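Q: With the sequence up front, the predicted model follows.
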Amino acid sequence: MMESSSFQPNVRRTTTKMASMTAVSVFLLCCFAVASVASQDCDQFAATGRSFNVPLGYVLKKTETLKWKFNDKTVFYQKTTGVITGGKDNITADGSLKRINVSKNQEGLYTAEVFDEQGKEKTKKTIQLCVLDPVIKPKVETACKDKNVIIKCTPDKPPKDVEYRWIKNGVEMEKETKLSFEVNAAQTKADKFACKFFNKASSEVSDAVTHDCAKTGIPGLPDELWGISIWYYVGGGGGIVLLLIIIVIVCCLQTRRTRKLRLKDEEELRLEWTNTEQHNHHHHHHHDLPPLPNHPPPHHPHNHQHQQQQQQAPGNTGPRQSRSKQNRQPRPKAPEPNSQPQPSPRRALQAKQHANDADEEQPPPLPQPRKKGPKTQLD
């Protein structure tokens, strides 16, 4: 019983020691890994899936020999006689080593050596290349909030090795250090914002965007349209409407004035026609009245002509008519033999005219004074 009880404490002590040693070993490994990572300094950075040239940093002559090593393994060897290892397309014109479609396994130490014609080393350069994943292209989003606007860069959680910057109108904003910020909408309505993601191997810039959160006071209308303030359109439309109203008013006034003038002209013509009718009626009525007693009859050209014809001698045929009238009248035919003489057509026409004038123009007889009869003597 004593031996078994003494054996148990020994087992516990052994187990405790082993656990302590294991913890110490893990700690030492972690420290070694951190130290190794810390001691690894990257001279150049390349992005995964992209091309990269490991720079030589030396002006290579045609008579010199060039050798490139990757982790102590020769990947390119060229002498004056030609290329021994690798291909002619593996280097650039200045001797830099080309890396196409870079991957993680191409990360490491690159060594470049240059020798002259005698085999003497001219230069030696080592470059530690680190390969990182390329950054993605970000995107800028805007959201209206009252009189302000929230500007946000997405994705909002980039990788740890990725940094970001805000660009306003092509210039980096030093004060903004967050992936989203808030600004006044009216003061930034014409500004363009962009977000830039970058690391040591690559960089990407988003498309520049503007916002339309500035309110015009008119519901449903933006602040700008095709880069021009909406107030210019409102003012231009109001001016056109005002001009149309003025044109309509002027046309109405002109039409009204023209109508008044036409009515006035028609009224004047109507009055003139009425006065003319009244004057003609009065003139005819005056001619139809008989002459007053003890007044000579009115002078009439037909009466005067009739009197002259009556005063003329029986053989006189009256005043001689014009030649044009004489030509119009048909000449009398020559009398046939053994026939009675016919009256002259001229005399018959004159006689008929005199008779008509006498009937139409002969005034009524004047009243005669009453004749006094012989006085009778009274017995």
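A: Everything's here; your move. Numbers count the residues shown, from 1 in each chain.
Q: Nearest residue to residue 108 in space, ignoring adjacent ones along the chain?
A: Nearest non-adjacent residue to residue 108, counting by CB to CB, 6 or more residues apart in numbering: residue 71, 4.7 Å away. For the C-beta atoms, the positions are set from N, CA and C on the backbone; glycine is no exception.
Q: doesn't residue 106 make contact with that neighbour?
A: No - Residue 71 lies out of contact with residue 106 (CB atoms under 8 Å); the separation is 10.1 Å.
Q: between those two, which one's more packed in?
A: More crowded of residue 71 and residue 106, by other CB atoms under 10 Å: residue 106, with 17 against 10.
Q: Residue 250: what secondary structure?
A: Of the three states, residue 250 takes helix according to DSSP: H, G, I helix; E, B strand; the rest coil.
Q: Check residue 191 too.
A: coil.
Q: Same question for residue 140.
A: Under three-state DSSP, residue 140 comes out as strand.
Q: My guess is it contacts residue 209. True?
A: Yes - look at residue 140 against residue 209 with CB under 8 Å: they come within range, at 4.9 Å.
Q: Find the residues that touch each one of these two.
A: Both residue 140 and residue 209 are in contact with 193, 194, where contact means CB atoms under 8 Å, 6 or more residues apart in numbering.
Q: Compare those two (neighbour count), which wins?
A: residue 140 (20 against 15).
Q: Show the pLDDT at the more buried one.
A: Residue 140 carries a pLDDT value of 95.
Q: Same check on residue 156?
A: At residue 156, pLDDT is 82.
Q: list the contacts for it?
A: 179, 180.
Q: let's see it at 10 Å
A: 138, 141, 178, 179, 180 (CB atoms under 10 Å, 6 or more residues apart in numbering).
Q: From residue 104, how far off is residue 133?
A: 9 Å (CB to CB, to the nearest Å).
Q: list the residues that contact both of the two?
A: What both residue 133 and residue 104 touch, as defined by CB under 10 Å, 6+ apart, is the set residue 48.
Q: higher neighbour count, these two?
A: residue 133 (15 against 10).
Q: Quick check: closest non-adjacent residue to that one.
A: Excluding its sequence neighbours, the residue lying closest to residue 133 (CB to CB, 6+ apart) is residue 48, at 5.2 Å.
Q: how deep is that neighbour tucked in, by neighbour count?
A: With other CB under 10 Å as criterion, residue 48 counts 16.
Q: Also residue 143?
A: With other CB under 10 Å as criterion, residue 143 counts 13.
Q: Could you list every helix and strand in contact with the helix or strand where it lies?
A: Residue 143 belongs to strand 139-145 when assigned by DSSP states H and E. Applying 3 or more CB pairs under 10 Å, 6 or more residues apart in numbering; DSSP states H and E, we find strand 139-145 packed against strand 148-154, strand 180-184, strand 193-198.
Q: any idea which of these is most buried?
A: When the helices and strands packed on strand 139-145 are scored by mean count of other CB atoms under 10 Å, the highest mean neighbour count falls to strand 193-198 (a mean of 21).
Q: quick check: angle from that strand to strand 139-145?
A: 140 degrees (axes from the mean of the first three to the mean of the last three CA atoms, to 10 degrees).
Q: Give me the average confidence score over strand 193-198.
A: Computed over strand 193-198, the average pLDDT equals 95.
Q: shaky segments in this structure?
A: Filtered on pLDDT under 70, the chain yields the residue ranges 1-40, 215-227, 229-230, 281-379.
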